[in-house]
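Asks: what would the 3D arrangement of this be:
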Amino acid sequence: MALSCSHSPAPRSFSKLVRLSCPFADCGCMFMNKSGLTKHTRTQHSRALHNRQSFHQAAPRVHSPSPEARADHNHPDFGGPNPDAKFEHQDDFVPEDGSWVELGPLFRAFHPSLTGLKCDADGNFIDQNAPQPPRTDTSPNDWTPYESRITFEMAEFLFSRNQTSAKQIDTLLDLWAALLIKHNDAPPFTGHCDLYNTIDATPLGDVPWETFSMSYNEIEYVPYRDYTAEDKRCFKNFFSGDWTWGQADIIAQNEETHGSSFVPLIIGSDKTTVSVATGHTEYHPLYMSIGNIFNSTRHAHHNGVVLVGFLAIPKTTKEHAGDTDYCNFRRQMAIKPYMNAPDVAHFPDGHFHRVIYGLGPYIADYPEQVLLSGVVQGWCPKCLADRRDLDGDGPCLRQCEKHRELLTKELKYGKLWEEYGIVSDVVPFMNDYPRADIHELISPDILHQIIKGAFKDHLVDWVESYLKITHSASHAVQVMDDIDNSAFLDFCYIVRCDTLTEDDLLQLQDALHRFHRYQEIFKTTGVTLNFSLPRQHSLNHYLLLIWLFGAPNGLCSSITESKHIKAMLLTNQRLDKLAAARVDFQACGMLRGSCLSEALHKLRKRMSIEGEVGETVDGPTVEAHVELAATPRCRCDVHTLGDELKLPNFPQMIQEFLHDQTHATDLNPPVFDPTSALLFSGNVSIFNSAAASFYAPSDLSGSGGMRCEHIRAVPSWRGGAPRHDCVFVNMNTDADLMNGLAVAQVLCFFSFNNRTSFFRYTGMYVIAPATLEDDTPDISIIHIDCIFRAAHLIPVYGSNFLPRAITIHDSYDVFRSYFVNKYADHHAFEIA
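Replies: Reported below is the predicted structural model:
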């Protein structure tokens, strides 16, 4: 049941005036309301995926498609720097008519030369329709070194999923043994030492220092370009960017590489301190991924990034801290070179492929960026902007290795340091690798450059300093009104989207221009003297980086920072062993069906239903799905629930709900007549919450882009006041406002058997509770399938202080209007 919110009173018969058609081809069903359409879609087209899933489709066997190539790589509309000349010859590629592939809303063009053909173990190309060879010859009952499936899943649960401490493992096993002793039985492990020894004995998953292996199900073999129906570029995964295409063009100059797959190695490091047994030695944990996997796999923390080693940072005394050799030793980081001739590797499709490796983007925070690139602190590692005026109005050329080498030959050390920000006696480690330029390959970093840098370290401090300078609260409010509060937030949320089109990039650049224009208030009031800040300056490079590397959410230091908790060598090795064992057991068909894994899944779901924060969900990609809690709070009859909700006409509301559901698919449904409609007088089950799963790849999500959150309607939240969350409700697919969604407050979840005005300063919609003609709240019963996800509202406050008696629990009852908070998370930003 929901209290509908709208900008104007909504007649009760509103839904009956709408005729909705099923969007799936060859269906032809018509519906009188969104509830009927949604229910029909769930039941008749439940296997259909969200439109965006089409972006993830694997490449066809014939890699020859492409819409007509566009000659727009200079991007003049965006005012950004021109890419290197090595990308310019891409425009010479014009595919034959009909050689492109349609993927849902996109048209995809694959690279014509590096086509990812299958081959045998010796590198000889084979029939491209050949079936997948058996992955392993292991017996389907061989759980070595684990005694059984239960033993393996117990080890995985304790060590990997729950990360249980050794002491707690011992306590759990002791309690388990006490329970089983009367049955003359024992738990699968005697203690934590037995558990660790068993994991260490796993013959899979070792990662030697010399080599490593990675395998994924969501992987791409061929560079490609995506276009919309309007012939505009669309950027998503790493392989959709221009950089991989340009690398493939260069590699393809050698005809022996044709038919190979390009595998770019994405490297990352993040300085940390290890104190145990090392004397507080600083290390650079070195992480590695490959550009072939989907962004969602990499940032979902599903072993898409592996730890390959620790690089120690030696310490010295103050006497030698400025020593040139010592500084150079810290700056120069070496990685074993990879082959640039075709190699043969076993891919997740079960076949062998020829591969060409290359160094890809490097993920690092600013201090490490300048160390890696041999740039002086305070200068930009990607362009030649002067450190004293990083955000000047003049044009700025990009840094490149060839220019650096030329300057180093012609100029002296001091001049290079002072005027160009170059540390001339440091050679970047990528210098001797083919097709690698450290200045080009430094990746965008949403976490440190935007969230922690421009926002937390800069904007927050500026606002605090500004308020201290102004002193007068009224004057502060007056000047704050002159600041475009939404400009920077719009930039943050757009850049975090998992898919970006050329139109999105125009909005991104517009948001950046507005931010630069309105931040001048901090300079005119004396808060800061200039905006020459490297992290904030880096925002100017995001437009080009998106063209080169795809959506930035796949290249962020948050991916490597999430690995810090796993960065101890032995722990990481055990985690790799467990992950490799799971892959091997799955390949043998030993983890199919239900056993302990299903029991653990149900247990976690039942426990997490009372959680507070959204969680990632693995599984098929669907737009949205809502399920009631596993266990009802109580059961009662219809009249008792009506009294609890203070709705005397509650039985009749159920009558009308049943009538609407019964005739949801009728083209001409009968008019509701309470004297003849089906009457329900039985018991109902009342639930405290429901779980909403929805497609939100721009937020932290599972490998399929799915995220789960919990919606609550409880008479007492954690022993205190009631809690009744707000939700987005599907209303009309033809409406433009908020994608046809309304906002409602949930009064109760139960089951039984048988838009708005636009606020120009905030960029957020403003809504008001809907009422009937007699000014009573517009309350109706809706099907749970109509709920999309939870909504967060911000009251539209007046100029007076609130009475102390009003608490957060009264927020949805005492205000006349509310902002729909599109900044609650990235998914809310996309739909509201």
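Asks: in the stretch 251-400 of the chain, what spans have low per-residue confidence?
Replies: For the stretch 251-400 of the chain, the stretches with pLDDT under 70 are 272-283, 300-303, 310-339, 394-395.
Asks: one more pass at 90, please.
Replies: 267-289, 293-350, 364-365, 367-368, 371-372, 384-400 (pLDDT under 90).
Asks: helices of that one, start to end?
Replies: Under the criterion DSSP state H, counting those that start in this stretch, the stretch 251-400 of the chain contains helices at 295-299, 324-331, 366-373.
Asks: ditto for the stretch 501-650 of the chain
Replies: 502-518, 520-524, 534-537, 542-549, 557-561, 569-587, 596-608, 638-644, 650-662.
Asks: out of those helices, which is closest to Asp127?
Replies: Counting by C-beta to C-beta, Asp127 lies closest to helix 569-587 out of the helices of the stretch 501-650 of the chain; the figure is 22.7 Å. Every C-beta, even on glycine, is put in place using the N, C-alpha and C of the backbone.
Asks: and the closest one, what other elements does it pack with?
Replies: helix 149-156, helix 192-200, strand 306-313 (3 or more C-beta pairs under 8 Å, 6 or more residues apart in numbering; DSSP states H and E).
Asks: put the alpha carbons of stretch 780-791 into PDB.
Replies: Extracted as PDB, the C-alpha positions of stretch 780-791 are listed here (Å, rounded to 0.1, in the frame of the first residue of the first chain):
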ATOM      1  CA  SER A 780      -4.400   3.000  -3.100                       C
ATOM      2  CA  ILE A 781      -3.200  -0.600  -3.100                       C
ATOM      3  CA  ILE A 782      -0.700  -1.400  -5.800                       C
ATOM      4  CA  HIS A 783       1.000  -4.600  -6.900                       C
ATOM      5  CA  ILE A 784       4.600  -5.100  -5.600                       C
ATOM      6  CA  ASP A 785       5.800  -5.500  -9.200                       C
ATOM      7  CA  CYS A 786       5.000  -1.800  -9.800                       C
ATOM      8  CA  ILE A 787       7.700  -0.800  -7.300                       C
ATOM      9  CA  PHE A 788      11.000   0.000  -9.000                       C
ATOM     10  CA  ARG A 789      13.300   0.800  -6.100                       C
ATOM     11  CA  ALA A 790      13.500   3.000  -2.900                       C
ATOM     12  CA  ALA A 791      13.400   6.800  -3.300                       C
END
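Asks: now do that stretch, average pLDDT.
Replies: Averaged over stretch 780-791, pLDDT sits at 84.
Asks: repeat that for stretch 737-754.
Replies: Mean pLDDT, computed over stretch 737-754, is 85.
Asks: can you give me the buried ones in it?
Replies: 737-738, 740-750 (16 or more other C-beta atoms under 10 Å).
Asks: tell me the one of the residues you listed nearest Gln519?
Replies: Closest to Gln519, out of all of those and judged by C-beta to C-beta, is Met738, at 29.5 Å.
Asks: in a helix, that closest one, correct?
Replies: Yes: under DSSP: H, G, I helix; E, B strand; the rest coil, Met738 sits within a helix.
Asks: measure it to Phe829 for me?
Replies: Going from Met738 to Phe829 by C-beta to C-beta, to the nearest Å gives 12 Å.
Asks: what's the answer for Asp174, then?
Replies: Asp174 sits 49 Å away from Phe829, going by C-beta to C-beta.
Asks: the two: which is more packed in?
Replies: Taking neighbours as other C-beta atoms under 10 Å, Asp174 and Phe829 compare with Phe829 leading, 21 against 13.
Asks: spatially nearest residue to that one (excluding sequence neighbours)?
Replies: Residue nearest to Phe829 in three dimensions, not counting chain neighbours: Tyr493, with 4.1 Å by C-beta to C-beta, 6 or more residues apart in numbering.
Asks: before we move on, what about Val714?
Replies: Asn688 (4.6 Å).
Asks: list phi and psi for Glu830.
Replies: For Glu830, the backbone dihedrals (degrees, to the nearest 10) come out as phi -80, psi -30.
Asks: for Lys822, see how far away it is.
Replies: Distance from Glu830 to Lys822, by C-beta to C-beta: 8 Å.
Asks: ok, those two, which is more surrounded?
Replies: The neighbour comparison of Glu830 against Lys822 (other C-beta under 10 Å) goes to Lys822, with 24 against 20.
Asks: Ile794 is in contact with the more buried one, correct?
Replies: No: using C-beta atoms under 8 Å, Lys822 makes no contact with Ile794, being 10.3 Å away.
Asks: what's the burial count for Leu678?
Replies: Residues within reach of Leu678, counting by other C-beta under 10 Å, total 11.
Asks: was I right about it contacting Thr662?
Replies: Yes: with contacts counted by C-beta under 8 Å, Leu678 reaches Thr662, the gap being 7.1 Å.
Asks: tell me which element Asp170 is part of?
Replies: In this structure, Asp170 sits in helix 166-180 according to DSSP states H and E.
Asks: now do that helix: distance to the chain's middle.
Replies: 38 Å (C-alpha atoms, centre = their mean, to the nearest Å).
Asks: check stretch 577-587 too.
Replies: Distance of stretch 577-587 from its chain centroid, counting by C-alpha atoms, centre = their mean, is 25 Å.
Asks: average pLDDT for it?
Replies: Averaging pLDDT along stretch 577-587 yields 74.
Asks: what does stretch 417-431 give?
Replies: 86.
Asks: the residue nearest to Phe829: helix or strand, and which one exactly?
Replies: Using DSSP H and E, Tyr493 falls in helix 485-495.
Asks: got the buried residues for that helix?
Replies: Buried-residue list, helix 485-495, by 16+ other C-beta under 10 Å: 486-495.
Asks: same check, this time on stretch 250-259
Replies: Buried-residue list, stretch 250-259, by 16+ other C-beta under 10 Å: 251-252, 257, 259.
Asks: widest-spaced pair of these?
Replies: The farthest-apart pair in these, when distances are taken by C-beta to C-beta, is Ile251 and Gly259, at 11.5 Å.
Asks: what sits in contact with each of the two?
Replies: Leu114 (C-beta atoms under 8 Å, 6 or more residues apart in numbering).
Asks: from Glu419, how far off is Ser698?
Replies: Going from Ser698 to Glu419 by C-beta to C-beta gives 41 Å.
Asks: where does the stretch 1-150 of the chain dip in pLDDT?
Replies: Using pLDDT under 90, the flagged stretches of the stretch 1-150 of the chain are 1-107, 121, 129-150.
Asks: how about a cut-off of 70?
Replies: In the stretch 1-150 of the chain (pLDDT under 70), the answer is 1-99, 134-140.
Asks: higher neighbour count, Ser698 and Glu419?
Replies: Set Ser698 next to Glu419 and count neighbours by other C-beta under 10 Å: Ser698 wins out with 23 against 11.
Asks: quick one: the more buried one is in a helix?
Replies: No: read with three-state DSSP, Ser698 is coil and lies in no helix.
Asks: now it, nearest residue through space, not along the chain?
Replies: Closest to Ser698 by C-beta to C-beta, 6+ apart is His826, at 3.7 Å.
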